[in-house]
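>>> starting from these lines, generate the structure:
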Amino acid sequence: MSAGLIALLDDVAAIAKAAAASVDDVAAAAGRASVKATGVVVDDTAVTPQYVTGVTPDREIPIIWRIAKGSLVNKLAIILPVAMLLSQFVPWLLTPILMLGGAFLSYEGAHKVWDAITGHGHEESDDDQGAAADPEQEKQLVSGAIRTDLILSAEIMVISLNEVANESFWKRLAIMIVVALVMTILVYGVVAVLVKADDLGLRITKHNKRSVIGRGLVNGMPYVLEAISVIGTAAMLWVGGHILLDGASKLGFTAPFDLVHAAEHWVETITPAALAPALAWLTETLGSAIAGFLVGSVVVGVLALIPHRAPTPETGAETATSEDAQDASETPATK
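Model (predicted):
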């Protein structure tokens, strides 16, 4: 009897160890899968605070919470089923889809760079900022943020899925669920901290006007958000460019990928051994970012050539006739 109990306990212990190892494997794989999505995550973190710009402090966290819930629905209920079906039945589609995501990232990054150079970005951001004055406006604001999140979340999920494409179906599913949960908590947790940091600074200064921490939070947060935006842009170009280079290589166009890796190898050979890995990584990152910027700039240029259709004031319908375009060219546009 005791021998049977001991054997049963041994079996339970073995099963527990196997389960723990499986959980560890899923967690480790989720971590590896998430690394490549860094650029999108940083950009998502940089973009989201704009949705609570001008909103009263008491509504900031509720709005972020609603956007976070929408983001989780995007990842788990919409993107994950589609991505899993594709990876299971038509895995060859993942590379082209991933490259489309890379092209979009490159476009977004290049667009921000050109906006910064030309000064258009500041004008657009000023126009986009506005307070949610009533529940209906707040609902529209949240809906718009969730729609934007759908694109960013799709990129996060597809990039992460591509990193674990060789795992079994159920392990991929578990990994992607972990990625969805961790990324959502990470992005919107950080956003909540960033948005409320200046309020915390104001509260501290009310109790102690000479507080260095309080004044630092109030005065420093705009610079922190600006730095995150810059880092996000650089990360988008790097990740987008890397995805495009790697995807093109897998599809048979290896020249750009080989050029970047040749430069990386050359840097490794001419630098001291202690610095070689870091400088090689920087070389690969810079090469990927340049590739992303070039491709993104081409997309920006192509889209700039497409005539912009503005809705008419009366009906909101898009103008579509050549006569309208001719009239617009003869008459100065007014707003």
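>>> need the per-residue pLDDT for the residue lying closest to Val260 once chain neighbours are set aside.
Of all residues not flanking Val260 in the chain, Gly287 sits nearest, at 3.6 Å (CB to CB, 6 or more residues apart in numbering). Bear in mind the C-beta positions are built from the backbone N, C-alpha and C, glycine included. pLDDT for Gly287: 92.
>>> isn't Gly287 up against Ala263?
Yes. Counting by CB atoms under 8 Å, Ala263 is a contact partner of Gly287 at 5.9 Å.
>>> looking at those two, which is more packed in?
Remark: of Gly287 and Ala263, Gly287 carries more neighbours, 22 against 15, as counted by other CB atoms under 10 Å.
>>> re the thing from before, for Glu264, see how far away the residue nearest to Val260 is.
To Glu264, Gly287 is 7 Å away according to CB to CB, to the nearest Å.
>>> state the helix or strand in which the residue nearest to Val260 lies.
helix 276-305 (DSSP states H and E).
>>> identify each buried residue in that helix, please.
280, 283-289, 291-293, 295-297, 299-300 (16 or more other CB atoms under 10 Å).
>>> now do stretch 180-190
180, 183-184, 187-188, 190.
>>> closest to Gly214 out of these?
Using CB to CB, Val190 comes nearest to Gly214 of these, at 20.9 Å.
>>> next one: that closest one from Thr118, what distance?
With CB to CB as the criterion, Val190 and Thr118 are 30 Å apart.
>>> ranges for the helices of this structure?
2-35, 38-47, 57-73, 80-89, 94-118, 120-128, 135-163, 169-207, 212-250, 255-270, 276-305, 322-330 (DSSP state H).
>>> and the ones you listed, which is most packed in?
Of the helices of the chain, the one with the most neighbours on average (mean count of other CB atoms under 10 Å) is helix 38-47, at a mean of 24.
>>> Leu105 contacts Glu155, correct?
Yes. With contact defined as CB under 8 Å, Leu105 counts as touching Glu155 (6.6 Å).
>>> what about the protein, any weak spots by pLDDT?
Under the criterion pLDDT under 70, the flagged ranges of the chain are 1-54, 121-133, 308-335.
>>> which residues touch the closest residue to Trp65 other than its chain neighbours?
Spatial nearest neighbour of Trp65, excluding adjacent residues (CB to CB, 6+ apart): Tyr188 at 7.7 Å. Contacts here follow CB atoms under 8 Å, 6 or more residues apart in numbering; on that basis Tyr188 touches 48, 64-65, 67-68, 71.
>>> would you list these in CSV and tack on distance to Asp199?
Shown next, in CSV, are the contacts of Tyr188 (distance: CB to CB, whole Å):
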residue, distance to Asp199
Thr48, 17
Ile64, 13
Trp65, 16
Ile67, 18
Ala68, 19
Ser71, 23
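>>> check the residues you listed and tell me the two furthest apart.
Thr48 and Trp65 (11.9 Å).
>>> what residues does the closest residue to Ser297 other than its chain neighbours make contact with?
Closest residue to Ser297 apart from its sequence neighbours, by CB to CB, 6+ apart: Ala110 at 4.7 Å. Counting by CB under 8 Å, 6+ apart, Ala110 touches 237, 292-293, 295-297, 299-300.
>>> mind redoing it with 10 Å?
Listed by CB atoms under 10 Å, 6 or more residues apart in numbering, the contact partners of Ala110 are 233, 236-237, 240, 292-301.
>>> equivalent analysis for Pro256, please.
Counted by CB under 10 Å, 6+ apart, Pro256 has contacts 241, 244-245, 248-249, 287-288, 290-291, 294-295.
>>> try 8 Å
If you count contacts by CB under 8 Å, 6+ apart, Pro256 has them with 245, 248-249, 291.
>>> let's have the residues you listed in JSON lines, adding distance to Trp170.
Below are those laid out as JSON lines (distance: CB to CB, whole Å):
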{"residue": "Leu245", "distance to Trp170": "32"}
{"residue": "Ala248", "distance to Trp170": "32"}
{"residue": "Ser249", "distance to Trp170": "30"}
{"residue": "Ala291", "distance to Trp170": "36"}
